[in-house]
Structure formats: structure tokens, C-alpha cells
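[1] dropping a prediction and its sequence here:
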Number of protein chains: 2
Amino acid sequence: MIPITKVRPGGRTARVADRVAVAVRDTLEADGFDGLTLQGVAERAAVGRATLYRRWPTRAALVLHGLAWALSDAVPIIDHGSLRADLAATLRSIGGFLSSRLGQAVVAAALGSEEGQAIRRTFWEGRAPEISAIFDRAITRGELRFGFDHEAAFAMLSGSLYFRVIVAGELVDDDWIRRVLLLLLDGQSPTWGNS
Amino acid sequence: MIPITKVRPGGRTARVADRVAVAVRDTLEADGFDGLTLQGVAERAAVGRATLYRRWPTRAALVLHGLAWALSDAVPIIDHGSLRADLAATLRSIGGFLSSRLGQAVVAAALGSEEGQAIRRTFWEGRAPEISAIFDRAITRGELRFGFDHEAAFAMLSGSLYFRVIVAGELVDDDWIRRVLLLLLDGQSPTWGNS
């Protein structure tokens, strides 16, 4: 996985990019994705419309820029000592993101626009190294049995947060995270007989 | 859970509602959520703008109407004989919906608009009776152990499809469904030791 490499040119260009990213985040927090317009962001960032439209010609491009900016401040990866604790910390962080206006706008923009694939890539490449590291450490610790399907496991754990926020419209809290980890890591058969 | 009750008045009002729903679906299939405008739907449905704007004043309201219309044609619930088979059929159906333009627009609209909660409710209340029935049948068959957390289990299974489509940008196919069901229903401990 390729970590996000951000071009951070100095001077005016960088300052404009930072101001636009902050304006995107603030607009999303105040008005949601539906309230995001290029005109509104230009005004809030105090950036000329021509400049803004040249670099970020669509709403999705603005969300993508806000996302890349937010991910560039991501905290370093911490080893919590066990697979369960590492996963809990990661799920808590994803849950917080999904419950935020920026997070919801990222998902909405990823699904609602031509740039969807670029948005997904930026998001997932910002996350994937952290996830890989968690499972690598678990293997090193001898915590995982041979052949364990981490890809499906992680999709189920983090996917349950998407379901909870997007479909059920409920919060992701520590109790929810405890429940999904229990179900996946406890290894009790849910079934009797030959289902 | 309350099933969706659709008011189906006869005559012109019903015909307008059907034409608008078809126009929403066709627009989403052709242009995606970003390409959906009230003006465009009015033209495609051959409905006066005043009529359209009065009944569906926002893009989200149009998506919600298209969703309710699509759900009203949902197939009856079929007993496939086992929990695994019932879940596989349901996941296949959700995967198909999430991979469709309508499904993606529903998610985008649920997250990007003021009406988000109404959209989630319409979607989930259209699905929930089917899901409840699956677990009720499994209990009747004696397939589930006491205390099995179906709510978390279903969120993980269907959530893995959201993750797969929204984040990884990959298709949901039968192999994926087999993998997640294996992980959840097989009851092998993924871990060694005290993770």
C-alpha cells in the first residue's frame, strides 16, 4: 500500500490549499454536503473564484482535498499490545470519522460523483497501512491462526460501523465495538446443527 | 417493525408518482446522483415543474420517492431452509442494490441531505422485516445458540458489503458472501492465546 504523499509547496499556493481545506471542513460541519458549493467555499476561504475553479472544479474535488488534508494530520500508529486492543482503537477512530460531517460527506461524494474512485482510493490508502500493521503485529505475536481471513474480518468489523451509521442511523460507541469484536474474536459457534 | 405502507391513490396523481419514480431511477442509472436535478426529472417524467417542486422539493425527496417505489416491488420473503442459505440470499440482494446507481444514490442522499434520516428509515423499514424473519426461522429450527447477538451479526455481514462497495470499490460476488458467512458461522477461533 502506498501511503499518501502530499505535495506541500511553500508560499502562497500552500496557504491557499490550506485555507480551502479548512473552508471545506467548516462548510461541511455547518451545512453538510448538500450545503457545499464552490461559490460558498471560495467566499469562506477568501480565495478568488477563478483560482478555486481551476484547481478544484467540482464539489467532489473539494471534498477529496478536505479529506487528504485531514488524513495528513492522522496520528501515528500505536501498538496497543493485542489484536483486540489495536482493532478497538482503529474502530473507534473510524467510527468518529463516519459520525463527522466530513466523513459523511466523503462517503456521499464517493458514491455520488464521477471522482468517486479517486475519493475511495485516497481514503483507503490513508487507512490501509494502519490496518496492515495491526494484522502483521498480530501474526508476529502469534495471535492469529493460520489462514485467518483478515480481509473479510476487517471488512466486517469496520463495515458494521458503516451499517450502524448509514442504515441504522445510530451512534458507534464503545459498547458496539465490544459487541462486534466479541462476535468475531471469541470464536464461539453461533449455530447448532448443520446450518 | 412497520412495513412500508404506500398510499396508492388511483388516477392522475398515481400516474404522476409512478412516472417521477421511473424518471428518478433512469436518471440515476444514466448520470448518477450528481447528475440528478429537479429540472431534469421534471422533463424526463413529462411533469410540470410546479407539480414536481410541490411534492418533491429536493433531490433527496426524489431519491426517497424512487427508493420507496423500488421497495414496493420487493420480492416476497422465501425460506431457503437454513440460516446460511437465507443470509446468502439476502446478502446477494443487498449487494446488488448497493452496486446499483439507485442504491448508491440512496446512500449518498442519506448522508448528504437534511432528509437523511427519513431515507434511512424508509430503507431500513423496507428491509427489517425480512431480516427479522430470517433470524426467527433460525431460532425455530434450533440453529442459533442462546444469546447469539444477531443485531451485531447482521450489521457485520451486510456492513462488509458496504465496506466492499464504498471503501474498497470492489464488487460483491458469491465468493465474498461465502467468505464472510464462513468467518461468522464457522465458529473457529481466529486467535491463539489471550488476545
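    Yes, it's here.
[2] what's near enough to touch the residue most central in space within chain A?
    Against the mean C-alpha coordinate of chain A, by CA atoms, centre = their mean, the closest residue is A:Phe123 at 5.4 Å. Taking CB atoms under 8 Å, 6 or more residues apart in numbering or on different chains, we find A:Phe123 in contact with A:67, A:71, A:106, A:110, B:167. For glycine as for every other residue, the C-beta is placed from the backbone atoms N, C-alpha and C.
[3] per-residue confidence at it?
    At A:Phe123, the predicted lDDT confidence score is 80.
[4] host element of it?
    Secondary-structure element containing A:Phe123, defined by DSSP states H and E: helix A:116-140.
[5] mind splitting chain A into its structural domains?
    A:11-71, A:76-185 (automatic domain parsing).
[6] ok, the residue nearest to the centre of chain A to A:Gly95 distance?
    Applying CB to CB, to the nearest Å, the value for A:Phe123 to A:Gly95 is 15 Å.
[7] in chain A, what residue spans correspond to helices?
    In chain order, chain A shows helices spanning A:11-31, A:38-45, A:49-55, A:59-72, A:83-99, A:101-112, A:116-140, A:150-162, A:174-185, with DSSP state H as the criterion.
[8] which helices and strands sit right next to the fifth one?
    Applying 3 or more CB pairs under 8 Å, 6 or more residues apart in numbering or on different chains; DSSP states H and E, we find helix A:83-99 packed against helix A:101-112, helix A:116-140, helix A:150-162, helix A:174-185.
[9] out of those, which one sits most buried?
    Comparing the helices and strands packed on helix A:83-99 on average neighbours per residue, with mean count of other CB atoms under 10 Å in any protein chain shown, the densest one is helix A:101-112 at a mean of 26.
[10] what is it packed up against?
    Packing partners of helix A:101-112 (3+ CB pairs under 8 Å, 6+ apart): helix A:11-31, helix A:59-72, helix A:83-99, helix A:116-140, helix B:101-112.
[11] neighbouring contacts of the shortest one?
    Helix B:101-112 is touched from outside by A:32-34, A:104-105, A:107-109, A:111-112, A:166, B:24-25, B:28-29, B:32-33, B:36, B:59-60, B:63-64, B:66-67, B:70, B:96-98, B:115-116, B:119-120, B:123, B:162, B:165-166, with contacts defined as CB under 8 Å, 6+ apart.
[12] using CSV, write down the CA coordinates of that helix.
    Provided in CSV are the C-alpha atoms of helix B:101-112 (Å, rounded to 0.1, in the frame of the first residue of the first chain):
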residue,chain,number,x,y,z
ARG,B,101,-26.9,3.5,-9.2
LEU,B,102,-30.2,3.8,-7.2
GLY,B,103,-28.6,2.1,-4.2
GLN,B,104,-25.5,4.3,-4.3
ALA,B,105,-27.7,7.4,-4.7
VAL,B,106,-29.7,6.3,-1.7
VAL,B,107,-26.6,6.1,0.5
ALA,B,108,-25.2,9.4,-0.9
ALA,B,109,-28.6,11.1,-0.3
ALA,B,110,-29.0,9.6,3.2
LEU,B,111,-25.6,11.1,4.2
GLY,B,112,-25.6,14.3,2.3
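[13] quick one: it to chain centroid distance?
    10 Å (CA atoms, centre = their mean, to the nearest Å).
[14] okay, the angle between that helix and helix B:11-31?
    Here the directions of helix B:101-112 and helix B:11-31 differ by 90 degrees (axes from the mean of the first three to the mean of the last three CA atoms, to 10 degrees).
[15] what angle separates helix B:101-112 from helix B:83-99?
    Following the same axes, to 10 degrees, one obtains 80 degrees for the angle between helix B:101-112 and helix B:83-99.
[16] so where's chain A uncertain?
    Counting by pLDDT under 70, chain A has low-confidence residues at A:1-10, A:73-76, A:187-195.
[17] could the contacts of A:Phe123 be laid out in a markdown table, adding distance to B:Arg54?
    As requested, the contacts of A:Phe123 are arranged in a markdown table below (distance: CB to CB, whole Å):
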| residue | distance to B:Arg54 |
| --- | --- |
| A:Leu67 | 37 |
| A:Leu71 | 43 |
| A:Val106 | 33 |
| A:Ala110 | 32 |
| B:Val167 | 38 |
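[18] just the closest of the residues you listed to B:Arg49, please.
    Nearest to B:Arg49 among the contacts of A:Phe123, counting by CB to CB, is A:Ala110 at 30.7 Å.
[19] ok so, going back, out of the helices and strands packed on helix A:101-112, which is closest to B:Arg84?
    Put simply, out of these the one that sits nearest B:Arg84 is helix B:101-112, at 24.0 Å, with distance taken as CB to CB.
[20] how close does the nearest residue to A:Asp173 once chain neighbours are set aside sit to B:Val165?
    Nearest in space to A:Asp173, with sequence neighbours left out and distances taken as CB to CB, 6 or more residues apart in numbering or on different chains, is A:Gly95 at 7.8 Å. With distances defined as CB to CB, the gap from A:Gly95 to B:Val165 amounts to 19 Å.
[21] do the same with A:Leu183
    22 Å.
[22] figure out how far stretch A:84-102 is from the centre of its chain.
    Stretch A:84-102 has its C-alpha centroid displaced from the chain centroid by 8 Å (CA atoms, centre = their mean).
[23] picking that back up, now the helices and strands packed on helix A:101-112 in TSV, with distance to B:Glu130?
    Listed next are these as TSV, based on distance: least, CB to CB, whole Å:
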stretch	distance to B:Glu130
helix A:11-31	34
helix A:59-72	33
helix A:83-99	25
helix A:116-140	28
helix B:101-112	16
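[24] out of these, which gets nearest to A:Arg44?
    helix A:11-31 (4.0 Å).
[25] which strands or helices does that closest one pack on?
    Taking 3+ CB pairs under 8 Å, 6+ apart as contact, the helices and strands that helix A:11-31 lies on are helix A:38-45, helix A:49-55, helix A:59-72, helix A:101-112.
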